[in-house]
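# Here is a sequence together with a model predicted from it:
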Amino acid sequence: MNRDYPLHILDLAGINLIFPDNFSLEVQTQVLPSGDFSLLQVALDSIAPNNPVCVFCSLEDFQQAQQGAIKNTDHFYWFVVSPADSEKNSLILDLIELGIVFDVLEPNSSNRHILAALTRLIRHFRKKYEFDEVKTHLRRLNKIAIALSTEEHIDIVLDSILSVALELTDADSGTLYFLEQKTYTDLPLKVSSKNKQMRFIYTKNESVPVKLQNQVIELSTKSLAGYCAITGETLEFDDVYQIPSDRTYSFNRSFDEKNNYRSKSMLVVPLKNHRKDTIGVLQLINKKSIHHAILSSPEITDKVVIPFSEFDKEISESFGSQAAVAFENKQLFTNLQDQFSKVETAQREKMNSLVALVSGIAHEVNNPINYISNSVQPIRQDLNEISHIISVLASLSVIRREDVEVVPVPEDAKEFKELFIKLVDYAHEQNLVEVANEIEELAVIIDKGASKITSIVRSLMSFNLLIENNFQIVKLSMVMDMAIQSTQKEMQRTLPVETHYGDISTVESNTDMLHIIFSNILKNAAEHIPADGGKIIITLTGNEDFVTISIEDNGPGISELIRPKIFDAFYTTQEAKGKIGMGLFVSYNMIQKLNGLLKHQPTPAGTTFIIQLPTSQAKLAITY
């Protein structure tokens with residue numbers, strides 16, 4: 001209990017108490033007239049909260065107070081002064097049993113008898129105060145545990161651990177040590193090897209400025225913190241200058257001597273994780289009887305500093321366990337983040353290398369493929385002429401060789417007659433109609449193959465944009481209009497597009513990537529809408545942070561079975577039409593490069609693709 005609290009006595013019963021000089025508390029007494037509840041209320045309101053208040057009054061005054069004449073009657077200790085009366089005594093005893101009245105006194109009770117009753121009250125108040133203090137500490141520990149588990153920054157966690165430990169125990173100074181390998185490691189480790197040291201990570205002193213953070217000290221049983229770390233035992237001292245000489249450990253006074261400081265009472269607590277391994281040490285110095293006192297000299301220290309209590313020890317050990325687990329979790333989380341960042345960087349580098357390789361190969365293949373593609377049409381024209389010749393030869397199959405042989409011809413035409421007979425024989429021997437059909441089929445296959453290879457090469461070449469980070473201010477409506485025009489030109493038809501651009505104007509993005517993304521999605525929509533009544537609706541909405549682009553069509557939609565695959569490379573449902581399934585895959589990866597989001601949104605009729613983009617690359621926090 002805080003001994004600074006005085007005991008307030010408000011006397012409405014005229015008991016005239018006399019207190020001895022050695023009474024356990026300072027007493028402040030006010031004598032008030034019986035029945036004057038307004039004056040009593042003023043007196044009660046003037047007393048600081050949490051101070052013990054005793055009201056001595058008659059049963060009648062108490063009953064009126066309970067009926068509303070006084071506010072919050074349960075905050076005070078009531079002593080009812082009433083003559084012996086069986087009926088009244090029974091009522092008062094019931095009130096005492098309910099905790100509403102503390103005690104009943106006869107009007108002629110002796111001073112000694114009343115002092116004994118007040119002594120019981122003080123003991124009761126102290127126990128209640130200590131119990132309330134424990135509840136407060138437990139509530140704070142619970143809040144601290146939640147705060148430590150949610151805090152992401154190690155430095156803030158360490159500062160919180162030490163600050164709260166000082167506050168819970170009224171300590172003037174504290175230090176945090178954590179164990180580590182002598183060769184660098186990020187994680188606190190068990191004391192199971194000689195290859196360990198302690199790192200003096202954090203310290204606080206409310207009386208002396210200190211700058212001793214992050215120093216390494218030897219792990220040894222010769223120091224108090226080292227002994228605690230190795231054995232896992234809590235150490236407590238009323239005066240560290242009086243440690244017996246037969247102990248393996250001793251107190252190092254160098255800090256005290258340099259700073260005119262006097263370390264006296266001390267509590268050294270191991271920080272144990274959930275596996276009961278000691279990962280660090282919490283050292284608390286100089287518990288103060290006056291919380292805000294500054295220990296500016298050894299003389300003040302001797303007057304103010306008191307030993308740490310058993311309760312301080314228990315709560316520090318409990319708090320130490322929470323702190324150890326929280327710190328270890330944060331260290332693990334930090335290491336996982338670092339490892340993830342390294343893996344992500346390595347993957348990005350590999351991806352960039354792969355993209356550069358694929359794009360390079362695509363560029364190298366592009367020229368010969370262009371030669372092939374550009375030659376297909378002339379070849380088809382030549383094949384058409386050859387097919388016509390073959391058709392003419394095939395018509396000779398209706399002529400019989402015997403009929404030609406008997407036809408008389410001049411001498412100079414005999415060679416021509418022999419050649420003609422050979423052609424007739426060839427027409428009879430070969431199925432020239434089938435040959436002509438095969439030539440036509442081969443021409444179609446060559447054309448389709450060249451077109452498919454060209455599409456693949458173009459898609460692979462567009463991958464080169466994924467390793468570029470060229471952002472500029474882009475006018476979305478202009479890029480969308482360009483994508484519509486280029487798609488119409490490629491598909492050689494007008495698209496039934498309806499646009500709603502609204503007030504959305506620009507974003508910080510990449511024009512080339514957006515053109516490819518819009519074109520791929522538009523082409524996908526155009527290939528699936530019905531020839532009659534087909535419709536594509538484009539809508540732009542957004543705010544100062546994000547822009548949303550919706551591209552909706554009234555085609556057959558995408559079945560639930562294939563939705564998970566639509567952004568996969570080379571996945572297509574139109575392979576028979578020569579599609580290669582790279583459009584949505586490329587678009588999805590480009591959107592991610594632009595720090596945006598591309599998703600498919602099922603609709604009752606048709607398909608909708610949603611694109612989200614940050615208006616500025618400084619605003620990258622899109623929640624997926």
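Right, received. Where do you want to start?

# Check the spacing between the closest residue to Ser316 other than its chain neighbours and Arg139 real quick.
In space, and not counting its chain neighbours, Ser316 is closest to Val269: 4.7 Å by CB to CB, 6 or more residues apart in numbering. Where you see a C-beta, it was placed from the backbone N, CA and C, and this is true even at glycine. Separation of Val269 from Arg139 (CB to CB, to the nearest Å): 21 Å.

# who's more crowded, the two?
Val269 (27 against 10; other CB atoms under 10 Å).

# Am I right that that one sits in a strand?
Yes - when DSSP: H, G, I helix; E, B strand; the rest coil is applied, Val269 is found to be in a strand.

# about what we covered before: was I right about the residue nearest to Ser316 contacting Ile315?
No - the criterion here is CB atoms under 8 Å, and Val269 misses it with Ile315 at 9.9 Å.

# which secondary element of the protein has the worst mean pLDDT?
helix 432-462 (a mean of 69; mean pLDDT, DSSP states H and E).

# next SSE after that one?
strand 472-475 (DSSP states H and E).

# Tell me which other helices or strands that following strand touches.
On a contact count with 3 or more CB pairs under 8 Å, 6 or more residues apart in numbering; DSSP states H and E, strand 472-475 meets strand 506-509, helix 511-526.

# would you turn these into JSON lines with distance to Ser34, mean pLDDT and mean neighbour count?
Shown next, in JSON lines, are the helices and strands packed on strand 472-475 (distance: least, CB to CB, whole Å; pLDDT from 0 to 100; neighbours: other CB atoms under 10 Å):
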{"stretch": "strand 506-509", "distance to Ser34": "81", "mean pLDDT": "87", "mean neighbour count": "21"}
{"stretch": "helix 511-526", "distance to Ser34": "89", "mean pLDDT": "87", "mean neighbour count": "22"}
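
# Of those, which is nearest Ala165?
strand 506-509 (48.0 Å; CB to CB).

# Pairing partners for the closest one, with directions?
Paired neighbours of strand 506-509 in the sheet (DSSP bridges): strand 472-475 (antiparallel).

# Of all the residues in the strand it pairs with, which ones are buried?
Val474 (16 or more other CB atoms under 10 Å).

# again with stretch 54-64
So, applying 16+ other CB under 10 Å, buried residues of stretch 54-64: Cys54, Val55, Phe56, Cys57, Ser58, Leu59, Asp61, Phe62.

# For those, work out which two are farthest apart.
Cys54 and Leu59 (16.2 Å).

# what's the offset of stretch 495-514 from the middle of its chain?
Mean-position distance between stretch 495-514 and its chain equals 32 Å (CA atoms, centre = their mean, to the nearest Å).

# whoops, I mixed them up, stretch 257-271
Per CA atoms, centre = their mean, the centroid offset for stretch 257-271 relative to its chain is 39 Å.

# Which positions within that stretch qualify as buried?
Tyr261, Arg262, Ser263, Lys264, Ser265, Met266, Leu267, Val268, Val269, Pro270, Leu271.

# tell me the pLDDT at the fifth one?
In other words, Ser265. With respect to pLDDT, Ser265 scores 95.

# Kindly report the same for the second one.
The per-residue pLDDT reported for Arg262 equals 94.

# Domain parsing of this structure, as residue ranges.
7-135, 152-308, 341-462, 468-614 (automatic domain parsing).

# looking at those, which has the lowest confidence?
Among these, domain 341-462 scores lowest, at a mean of 72.

# Quick one: closest of the domains of the chain to Glu328.
domain 152-308 (5.1 Å).

# Return the distance of the closest one from the chain's centre.
33 Å.

# quick check, Ile379 in a strand?
No - the assignment for Ile379 by three-state DSSP gives helix, which leaves it out of any strand.

# Check the burial of it by counting its neighbours.
14.

# And it, how far from Pro6?
Ile379 is 111 Å from Pro6, by CB to CB.

# before we move on, what about Ile591?
Taking CB to CB, one finds Ile591 at 72 Å from Pro6.

# more crowded one of these two?
Ile591 (21 against 14).

# do you know how far the residue nearest to the more buried one when sequence neighbours are not counted is from Asn510?
Distances taken as CB to CB, 6+ apart put Leu598 closest to Ile591, at 4.1 Å, once the chain neighbours are dropped. Note on Leu598: its distance to Asn510, by CB to CB, is 14 Å.

# swap in Arg139?
54 Å.

# quick revisit: just the buried residues of stretch 54-64: which are in helices?
Leu59, Asp61, Phe62 (DSSP state H).

# Distance to Asp568 for those - can I get that in a markdown table?
Shown next, in a markdown table, are these (distance: CB to CB, whole Å):
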| residue | distance to Asp568 |
| --- | --- |
| Leu59 | 88 |
| Asp61 | 86 |
| Phe62 | 83 |
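
# that older thread, need the overlap of contacts for Val269 and Ile315.
When CB atoms under 8 Å, 6 or more residues apart in numbering defines a contact, no residue borders Val269 and Ile315 alike.

# show me what contacts the closest residue in space to Thr231 that isn't next to it in sequence?
Closest residue in space to Thr231, ignoring its immediate chain neighbours: Thr221 at 7.5 Å, by CB to CB, 6+ apart. Contacts for Thr221 were tallied using CB under 8 Å, 6+ apart; they are Tyr227, Ile230, Thr231, Thr248, Tyr249.

# what about 7 Å?
Tyr227, Ile230, Thr248, Tyr249 (CB atoms under 7 Å, 6 or more residues apart in numbering).

# ok, now Glu440?
Ser387.

# Give me the secondary structure label for Leu10.
Going by three-state DSSP: Leu10 is strand.

# Wait, it touches Leu32, no?
Yes - using CB atoms under 7 Å, Leu10 makes contact with Leu32 at a distance of 6.0 Å.

# quick one: common contacting residues for these two?
What both Leu10 and Leu32 touch, as defined by CB under 7 Å, 6+ apart, is the set Leu40, Ala43.

# circling back to that earlier point, quick check: the gap between the residue nearest to Thr231 and Thr278.
Distance from Thr221 to Thr278, by CB to CB: 13 Å.

# Next: His8.
His8 is 48 Å from Thr278, by CB to CB.

# Kindly report the same for Pro49.
Counting by CB to CB - Pro49 and Thr278 are separated by 42 Å.

# Comparing those two, which shows the higher neighbour count?
Thr278 (22 against 5).

# can you tell me which residues contact that one?
So Thr278 contacts Val191, Ala229, Gly232, Pro270, Leu271, Lys272 (CB under 7 Å, 6+ apart).

# Using a markdown table, lay out the residues you listed together with distance to Ile290.
Listed next are the contacts of Thr278 as a markdown table, based on distance: CB to CB, whole Å:
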| residue | distance to Ile290 |
| --- | --- |
| Val191 | 37 |
| Ala229 | 32 |
| Gly232 | 33 |
| Pro270 | 29 |
| Leu271 | 28 |
| Lys272 | 32 |
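
# Between these, which sits nearest Lys330?
Closest to Lys330, out of all of those and judged by CB to CB, is Leu271, at 13.2 Å.

# did I read that right, Glu236 in a helix?
No - judged by three-state DSSP, Glu236 forms no part of a helix; its state is strand.

# Find the residue closest to it in space, skipping its chain neighbours.
Leu267 (5.1 Å).

# Run through who's touching the helix or strand where Val104 lies.
Taking DSSP H and E as the definition, Val104 sits inside strand 103-105. The contact list for strand 103-105, computed with CB under 7 Å, 6+ apart, reads Phe79, Val80, Val81, Ser82, Ile92, Ile96, Ile114, Ala117.

# What subset of the residues you listed is buried?
Applying 16+ other CB under 10 Å to the contacts of strand 103-105 flags Phe79, Val80, Val81, Ser82, Ile92, Ile114, Ala117 as buried.
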